[in-house]
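Novice: Here's a sequence, model it:
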Amino acid sequence: MASIRYDKIPLTLEFGANTEKIIAYDCSLSQAADLQPVRAIGFRGVSEQTPQGARTSSVSFSYTPVLTGTNIINEIASGLKNSRASQTSGVSIKFGGVSGEGLLSSYSLNLAPYSPAQCSVNFELFGSGQNIPVSGELKSQTVSRSSDVQALASNVGHSAFSSFMAGQSPATISSEDSTGILQSVDYSINFEYEPVYKLGQEFPSSFLYHAATEEARVTENVHETGISFTGKNENFQLKVKSLDNNSEMQINMERAVVDNSQISAGANGIAETSKTLRSFY
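Specialist: Alright, predicted model coming up:
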């Protein structure tokens with residue numbers, strides 16, 4: 001029985017003229033068919049199953065992002081939520097000989113002190129026109145030279161030795177009049193699309209982008225200057241620091257509202273404040 005090591009099947013994203021290779025912590029591909037049973041009057045059981053919608057697939061993976069070079073997923077997420085255009089294009093996803101074109105449906109980022117920043121991503125693959133969502137077969141990729149391995153290793157964020165590790169205070173969040181020093185961050189954004197079909201084609205010819213929902217759950221030491229619970233929408237800047245403090249990731253949340261705030265304390269612990277910020281685009 002043949003086996004393939006994960007380092008032989010790096011995940012590759014292609015968007016426009018940009019290409020990015022990622023060795024993910026994990027990667028999964030799932031497929032589904034939307035079928036409806038058809039029953040005939042006077043007959044027992046099901047006469048057939050007919051499609052009620054197109055076949056769909058999804059690819060999900062988690063990884064540690066890099067702070068230099070191309071970051072396609074951040075570019076897509078930032079561009080979509082600030083876009084006023086209705087139509088959007090997909091991303092080509094390839095790993096181990098399997099390929100498909102998909103739309104970013106969800107993106108999340110988790111930060112904790114002295115831990116590698118970890119992102120979780122999901123792409124929905126709907127196919128296009130007559131092209132099925134997923135094509136190809138799983139096979140290892142041949143690496144011809146050692147320099148190829150070194151080049152790949154320098155372009156991916158992978159392992160606990162990534163430079164994108166949060167220090168003791170991993171991030172700050174700022175509004176117009178205050179700044180909070182954060183202990184942990186759970187950030188996520190979800191996107192909504194509508195497929196457009198043509199008669200005679202199983203798969204969508206295009207997609208309309210409708211909306212995005214952005215949320216950040218943050219915790220901070222209550223002795224630090226924090227974000228006020230006002231119930232009004234404000235613009236927030238979430239800045240993530242690396243260990244060397246020379247690079248950072250910045251996420252701008254526009255017209256976000258502090259949805260809830262909670263202070264908790266336990267025996268042999270310090271009091272912490274947790275807040276949830278939510279924004280709609």
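Novice: Distance from the chain centre to stretch 261-279, please.
Specialist: Averaged C-alpha coordinates place stretch 261-279 at 26 Å from its chain's average position (C-alpha atoms, centre = their mean, to the nearest Å).
Novice: Buried ones in that stretch, by neighbour count?
Specialist: 272-279 (16 or more other C-beta atoms under 10 Å). Using the backbone N, CA and C atoms, a C-beta is placed for each residue, glycine as well.
Novice: Sort out which one of those lies nearest residue 222 for me.
Specialist: Residue 222 has its nearest neighbour among the buried residues of stretch 261-279 in residue 273, at 4.8 Å by C-beta to C-beta.
Novice: where's the closest one, which helix or strand?
Specialist: Residue 273 is part of strand 272-280, with elements assigned from DSSP states H and E.
Novice: what number of residues lie near the spatially closest residue to residue 211 that is not a sequence neighbour?
Specialist: Closest residue in space to residue 211, ignoring its immediate chain neighbours: residue 192 at 4.8 Å, by C-beta to C-beta, 6 or more residues apart in numbering. Residues within reach of residue 192, counting by other C-beta atoms under 10 Å, total 11.
Novice: show me what contacts residue 192?
Specialist: Going by C-beta atoms under 8 Å, 6 or more residues apart in numbering, residue 192 touches 209-212.
Novice: For this protein, list the residue farthest from the centre, please.
Specialist: For the chain, the C-alpha farthest from the mean C-alpha position belongs to residue 42; by C-alpha atoms, centre = their mean, that distance is 50.0 Å.
Novice: where does this protein dip in pLDDT?
Specialist: Within the chain, the stretches falling below the threshold (pLDDT under 70) are 1-9, 66-70, 87, 128-130, 138-170, 223-226, 242-248.
Novice: now, which of the buried residues of stretch 261-279 sits nearest residue 92?
Specialist: Checking the buried residues of stretch 261-279 one by one against residue 92 (C-beta to C-beta), the nearest turns out to be residue 279, at 29.1 Å.
Novice: And stretch 254-266, how far out from the chain middle?
Specialist: Average the C-alpha atoms of stretch 254-266, do the same for its chain, and the two points are 23 Å apart (C-alpha atoms, centre = their mean).
Novice: To clarify, my last question referred to stretch 13-25.
Specialist: With C-alpha atoms, centre = their mean as the basis, stretch 13-25 stands 13 Å off its chain's centre.
Novice: Okay, buried residues for it please.
Specialist: Of the residues in stretch 13-25, those scored as buried under the neighbour-count criterion (16+ other C-beta under 10 Å) are 13, 15, 20, 22-25.
Novice: Reduced to three states, what does the spatially most central residue of the chain come out as?
Specialist: With the centre of the chain defined as its mean C-alpha position, the nearest residue by C-alpha atoms, centre = their mean is residue 107, 2.2 Å away. Three states are possible here, and by DSSP: H, G, I helix; E, B strand; the rest coil the one that applies to residue 107 is strand.
Novice: what separates it from residue 47, distance-wise?
Specialist: For residue 107, the distance to residue 47 equals 43 Å [C-beta to C-beta, to the nearest Å].
Novice: next one: residue 203
Specialist: 26 Å.
Novice: same check, this time on residue 229
Specialist: 59 Å.
Novice: More neighbours: those two, which one.
Specialist: Comparing residue 229 with residue 47 by other C-beta under 10 Å, the one with more neighbours is residue 229, at 14 against 11.
Novice: First residue to last residue on stretch 174-185, what's the distance there?
Specialist: 14 Å (C-alpha to C-alpha, to the nearest Å).
Novice: Next, the buried residues of it.
Specialist: Taking 16+ other C-beta under 10 Å as the neighbour-count basis, stretch 174-185 is seen to contain the buried residues 174-175, 180, 182-185.
Novice: For my notes, please list the residues you listed in a markdown table and give distance to residue 55 and secondary structure for each entry.
Specialist: Rendered in a markdown table, the data for the buried residues of stretch 174-185 read as follows (distance: C-beta to C-beta, whole Å; DSSP: H, G, I helix; E, B strand; the rest coil):
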| residue | distance to residue 55 | secondary structure |
| --- | --- | --- |
| 174 | 45 | strand |
| 175 | 45 | coil |
| 180 | 46 | strand |
| 182 | 42 | strand |
| 183 | 44 | strand |
| 184 | 39 | strand |
| 185 | 37 | strand |
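Novice: which two from these end up farthest apart in space?
Specialist: Greatest spatial distance among the buried residues of stretch 174-185 (C-beta to C-beta): 175 and 184, at 18.8 Å.
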